[in-house]
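Visitor: Sequence first, predicted coordinates after that:
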Amino acid sequence: MSAQQTTTQNESVASVLIVDDERHTREGLERALGRTYRVLTAESGERGLELLDAEPVDVVLADLRMPGMDGLTFIKRATAKEDAPLVIMLTAYGSVQTAVEAMKVGAYDYLAKPVNLDNLEMMIQRGLEARHLKKENEKLRHELDKEYGLEGIIGNSKSMNEVLEKVRQVASARTTVLLTGESGTGKELIAHAIHQLSPRIDKPFLVVHCAALNPNLLESELFGHEKGAYTGAHERREGRFEKADGGTLFLDEIGEVDLSTQIKLLRVLETRSFERVGGTNPVTVDVRLIAATNSDLKQAVNERKFREDLYYRLNVVNIRLPALRERKEDIPALMNHFLKEFAKENGKDISGISPEAIRVLQTYSWPGNVRELRNCVERMVVMARGRTLTLGDVPSDIRRGVADDMATEGEEQNGGSGEEEMTSAQHGTGRYDINAHEKELICKALDDCNGNRAQAARKLGISRRTLYRKIQSYGL
């Protein structure tokens, strides 16, 4: 057999990592499985994670009881990795509760010691088949999302899945779509996804930010103008409607359009034709219109600032984008996406985000929504000095925002008294204790600065007097 054939054969063999502090268990399983799989061994959870960082592994057999890092912690960290292995827990301390805990943190299955080798090999084979199927499904979904314009939309929350389902349903139609929601929720991204999913994918997708132009410029930008229509109009110019013919035109901040331009927009939607500024000849176009607003158009109609007939023409299908605070379960995925983007862009070797940092960022209310989160992660990546983003890398204004949000919540729960201490230990609610992490952050800053309080205060973005007061209050 040639060297090349041997390499190809080895690459096709599944790899199994055995993590167990008992040497005879490791060696016994290695002998039994070595005939079928490429086997690696580790005597501790820490060493097991090092091996997982060094090379891809298909299956991990992990002991429950080990000195140092226990099996449940190891499984949680192993299954959190990007190309996570399939993990089977092995233990001599079998119990239903342990099995449930193992499955909760990511284990595929559970076997009690002494291990029945036939059952183990059957479980490994079944798990490898399930893992392969999952990878194929993920690959297929990735290709479909790439093809249909959903690749850049991150989130698996119920509210975002509902949005994406509406996108898929409405994309093939010609009907007008109105996207509503707060600023920074990704309305332009959704509009582009609708276009990518539609039969118009090979035609132009053009964007006009209505609030950025004064009424006269906006009218010319949308409908074009004839030569001599106004001072400076030295030649005929096509507007965005003509340039988007056959494709999609996205009008962002539609609520900022003045009433005279609204009349022309209504005519385009009703007749598919318009006149250029200064012209009299009708121009006919086939354009799919998607509009977006972060304001209440119905209220604007009641205040006679927006035409009611245009509102109903635009609002044929309404897709509301949820604020980030309404889908906080999507924050870790969004953060990891932005982390990879900015680490690559800035040439930084950053591999992840600490659980403490993620908890703080999930607690923040994000008034600027996904746009604010993206800017926050970029700032953290640029300023980070380690390979993992930690609580200390979270911008001070975000940490203060978390404290303010929690203080406000506490006051509301106490009828505005603000007297209740917000610690999970007192309430037994399991809520995130921002004070405990402030103490941890201060300790880290003092440690990084070798006890120099002036430097630590600058690092934390607070005054020395404030730092001294907090040191005394925390008994540091």
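Guide: Received, thanks.

Visitor: what pLDDT does the residue minimising distance to the centre of the chain get?
Guide: Closest residue to the average C-alpha location of the chain: Leu334 at 1.6 Å, with C-alpha atoms, centre = their mean. According to the prediction, Leu334 has pLDDT 92.

Visitor: For Ala84, see how far away it is.
Guide: Separation of Leu334 from Ala84 (C-beta to C-beta, to the nearest Å) stands at 19 Å. The C-beta positions use only the backbone N, C-alpha and C, and glycine is treated the same way.

Visitor: Which is the succeeding secondary structure element to the least confident helix or strand in the chain by mean pLDDT?
Guide: Lowest by mean pLDDT, DSSP states H and E among the helices and strands of the chain is helix 424-427, with a mean of 36. Using DSSP states H and E, the helix or strand that follows helix 424-427 in sequence is helix 434-448.

Visitor: Show me what that next one packs onto, helices and strands only.
Guide: helix 355-363, helix 396-413, helix 453-460, helix 464-474 (3 or more C-beta pairs under 8 Å, 6 or more residues apart in numbering; DSSP states H and E).

Visitor: Of all these, which one comes closest to Asp109?
Guide: Closest approach to Asp109 among the helices and strands packed on helix 434-448 (C-beta to C-beta): helix 355-363, 25.3 Å.

Visitor: buried residues in that closest one?
Guide: 356-363 (16 or more other C-beta atoms under 10 Å).

Visitor: just stretch 162-175 next, same as before
Guide: Applying 16+ other C-beta under 10 Å to stretch 162-175 flags 163-164, 166-167, 170-171 as buried.

Visitor: Same question for stretch 313-333.
Guide: 313-314, 317, 319, 321-324, 326-328, 330-332.

Visitor: Contacts for that stretch next, please.
Guide: Contact with stretch 313-333 is made by 154-157, 159-160, 163, 166-167, 170, 175-182, 184-187, 190, 254, 266, 269-270, 289, 291, 297, 353, 358, 361-362, 365-366, 369-370, 372-373, as judged by C-beta atoms under 8 Å, 6 or more residues apart in numbering.

Visitor: how long is that stretch end to end?
Guide: End-to-end span of stretch 313-333 (C-alpha to C-alpha, to the nearest Å): 36 Å.

Visitor: Same question for stretch 59-71.
Guide: Span of stretch 59-71 from end to end, C-alpha to C-alpha: 15 Å.

Visitor: Quick one: mean pLDDT for that stretch?
Guide: Per-residue scores along stretch 59-71 average to 89.

Visitor: same deal with stretch 365-383?
Guide: Per-residue scores along stretch 365-383 average to 93.

Visitor: Could you check it and say which residues are buried?
Guide: 365-366, 368-370, 372-374, 376-381.

Visitor: and stretch 191-208, how far out from the chain's middle?
Guide: 23 Å (C-alpha atoms, centre = their mean, to the nearest Å).

Visitor: how far does that stretch stretch from start to finish?
Guide: 12 Å.

Visitor: Same question for it: list its buried residues.
Guide: So stretch 191-208, judged by 16+ other C-beta under 10 Å, has buried residues 191-198, 200, 203, 205-208.

Visitor: Among these, which lie within helices?
Guide: Mapping the buried residues of stretch 191-208 onto helices (DSSP state H) picks out 191-197.

Visitor: Between those, which sits nearest Glu46?
Guide: Closest to Glu46, out of all of these and judged by C-beta to C-beta, is Ala193, at 43.0 Å.
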